[in-house]
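Chemist: Could you work out the structure for the sequence below:
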Amino acid sequence: MLPSLENLRCFAEAARLLSFRAAARSVALTPAAVGQRIRQLEEQLGAQLFHRTTRKVVLTEAGLALIPYAERTLAAARDCVRAGRGEVGPAPLDLVLGTRHELGMSWILPLLPKLRAAHPGLTLHLYFGSGADLLIRVRTLEIDCAVGSMRHTDPKIDAVRLHREDYLLVAAPSLLARTPLLQPAQARHHTLIDTHAELPLYAYFRDAPGGGDRCHFGHILLMGTIAAMRELVIEGEGVAVLPEYLVAPDLKAGRLVRVLPRIKMSSDYFRLIFRAGDPRRAVYDALARTLLETPLR
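Modeler: Residues are numbered from 1 along each chain as shown. Prediction:
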């Protein structure tokens, strides 16, 4: 059993003043009560802490050894009270935040100075991975949280919604000059590029009202990451559904153009994802508010 703080407090005052009577005045107890608390502490430790006579009180070797530890324990207890009252500021906290490479490099990494300033004591470490990988690692506590648009039905995963993510079907102007794509039927002459076989990005176009489901591409090319998809589309290797924030500079510069723009595509949201029931929920909520202050890029 751990010693009571009151017993340690009485011991520390008696050791400082070398007088049970003076210690009693200091802690607002009677000398008998102080003596009883110190006896309880001695019984618990199995060691005598003071040599007591009618004239003086002298610390034993065990008492001398206990003094610095008792003082540190009492100081820590006082800090606990101050922390509980919100008087000591945020405690140091390390979090591992997972994200896709593209989003991490374009948005999260430039945000780190702002996040440090807004959340003193918080140190963010980054982990880059795919959407499925990030969900698994959050669930197994290999990372603390993640930012992404991946959807889930896992009851052990919770999330806070961040920015809306819009998507566009895009291609290089040079490709469309050679092989037009002005109507869904012409898709059979083109290669569709996506990350993996489930075509998660193309689904935002395919499931959109207005004809996206009528496109049947002649070939499908899987690249694993959005960054690789973007590079191939710019090179004219195919068409792809890509996040608007990611290709906005390419559209402005004329490296890419929209394809079948009349079909209004589905949208999604980025989310800050973490374990359900995580006691750091308040930290994640505060982090999400800061992330919402800066637009995607």
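Chemist: Who are the contact partners of A14?
Modeler: For A14, the contacting residues are 20, 23, 34, 38, 50, 57, by CB atoms under 8 Å, 6 or more residues apart in numbering. Using the backbone N, CA and C atoms, a C-beta is placed for each residue, glycine as well.
Chemist: Need the pLDDT of the last one.
Modeler: Right, the one you point to is V57. Per-residue pLDDT puts V57 at 90.
Chemist: Hmm, it is touching F20, no?
Modeler: Yes - V57 lies in contact with F20 (CB atoms under 8 Å); the separation is 6.4 Å.
Chemist: Y127 belongs to a helix, doesn't it?
Modeler: No - the assignment for Y127 (DSSP: H, G, I helix; E, B strand; the rest coil) gives strand, which keeps it out of a helix.
Chemist: Surely it and G98 touch.
Modeler: Yes - counting by CB under 8 Å, Y127 touches G98, with 4.3 Å between them.
Chemist: Compare the two (neighbour count), which wins?
Modeler: Regarding Y127 and G98, a neighbour count based on other CB atoms under 10 Å identifies G98 as having more, with 26 against 16.
Chemist: residues in contact with the closest residue to the more buried one other than its chain neighbours?
Modeler: The shortest distance from G98 to any non-neighbouring residue, by CB to CB, 6 or more residues apart in numbering, is to A146 (3.7 Å). Going by CB under 8 Å, 6+ apart, A146 touches 97-99, 134-135, 137-138, 272-274.
Chemist: Quick check: neighbours shared by Y127 and G98?
Modeler: In contact with both Y127 and G98: 134, 137, 143, using CB under 8 Å, 6+ apart.
Chemist: Can you give me the pLDDT of the last one?
Modeler: Spelled out, it's I143. What the model reports for I143 is a pLDDT of 97.
Chemist: how about the strands of this structure, start to end?
Modeler: Counting by DSSP state E, one finds strands in the chain at the ranges 50-52, 57-59, 93-99, 122-128, 145-148, 157-165, 167-171, 191-194, 219-222, 240-243, 257-258, 268-275.
Chemist: could I get the longest helix seen in the chain in CSV with only the CA atoms?
Modeler: If you go by DSSP state H, the chain has its longest helix at helix 61-84. Extracted C-alpha coordinates of helix 61-84, given in CSV (Å, rounded to 0.1, in the frame of the first residue of the first chain):
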residue,chain,number,x,y,z
GLU,A,61,19.0,6.9,9.2
ALA,A,62,15.7,5.7,7.6
GLY,A,63,14.1,9.1,8.4
LEU,A,64,17.0,11.0,6.8
ALA,A,65,16.7,8.7,3.7
LEU,A,66,13.0,9.3,3.4
ILE,A,67,13.1,13.2,3.5
PRO,A,68,13.8,13.9,-0.2
TYR,A,69,11.4,11.4,-1.5
ALA,A,70,8.6,12.6,0.9
GLU,A,71,9.2,16.2,-0.2
ARG,A,72,9.1,15.2,-3.9
THR,A,73,5.9,13.2,-3.4
LEU,A,74,4.2,16.2,-1.6
ALA,A,75,5.4,18.6,-4.3
ALA,A,76,4.0,16.2,-7.0
ALA,A,77,0.7,16.1,-5.1
ARG,A,78,0.5,19.9,-5.1
ASP,A,79,1.2,19.9,-8.8
CYS,A,80,-1.7,17.4,-9.3
VAL,A,81,-4.0,19.9,-7.6
ARG,A,82,-2.7,22.8,-9.8
ALA,A,83,-3.0,20.6,-12.9
GLY,A,84,-6.6,19.7,-12.0
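Chemist: Perfect, that will be all.
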